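Engineer: got a predicted model here, sequence first, then my questions.
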Amino acid sequence: MSSGSAKMQKFEVGVFYVLSSIIVVYIAVEVIELVYQFGKALFIKSPNTDRLLITKEQTAMVLPVFFNILIAIELIDTFDVYVKEHSIKVQSILLIGLIAIGRKLLILDIGHNEGIQNIGLAALIIALAAGYYLVKRPESQKREIS
């Protein structure tokens, strides 16, 4: 292994630790935010609702935070795999994309979008889901054989 390659690998590991530390702090802040928003939603009753515990607006505040946490956890896993194996798992990237689109769908008011935006979003969801299926399929076939 050359000296330049070793230095580059140490640099990558250092960047990984910096990014992971930032994401861990971000996850901690988001967990606190999630607990706060959920607690607030449970204990502050809105008079204009027929829902028992949480209104749609409160749900719209809580769920995106939950998805942010999932995305951050997947990013850490992706960074970890890259540093250890020097490869990026396409499956992880597609999963992050699907989670991000799921988050976007929860906060999106589809009724106020133009039709072309909804079609584009649908096409993106289909493409990510199909890609994830195609990447995941060989893995599940290997398990069935063995």
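Structural biologist: In hand now; what should we look at?

Engineer: low-confidence bits of this structure, can you list those?
Structural biologist: Scanning the chain for pLDDT under 70 picks out 1-2, 45-52, 109-110, 139-146.

Engineer: same for the lengthiest helix in it, what does it pack against?
Structural biologist: Longest helix in the chain, counting residues (DSSP state H): helix 3-43. Judged by 3 or more CB pairs under 8 Å, 6 or more residues apart in numbering; DSSP states H and E, the packing partners of helix 3-43 are helix 56-85. Where you see a C-beta, it was placed from the backbone N, CA and C, and this is true even at glycine.

Engineer: now for the helix it packs on, which elements pack on it?
Structural biologist: Counting contacts by 3+ CB pairs under 8 Å, 6+ apart, helix 56-85 packs against helix 3-43, helix 90-107.

Engineer: could you check the angle helix 56-85 makes with the longest helix of the chain?
Structural biologist: 160 degrees (axes from the mean of the first three to the mean of the last three CA atoms, to 10 degrees).

Engineer: and helix 3-43, how far out from the chain middle?
Structural biologist: Here helix 3-43 is found 13 Å from its chain centre; the criterion is CA atoms, centre = their mean, to the nearest Å.

Engineer: one step back: would you list the helices and strands packed on helix 56-85 in TSV and tack on distance to residue 84 and mean neighbour count?
Structural biologist: Below are these laid out as TSV (distance: least, CB to CB, whole Å; neighbours: other CB atoms under 10 Å):
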stretch	distance to residue 84	mean neighbour count
helix 3-43	9	13
helix 90-107	13	16
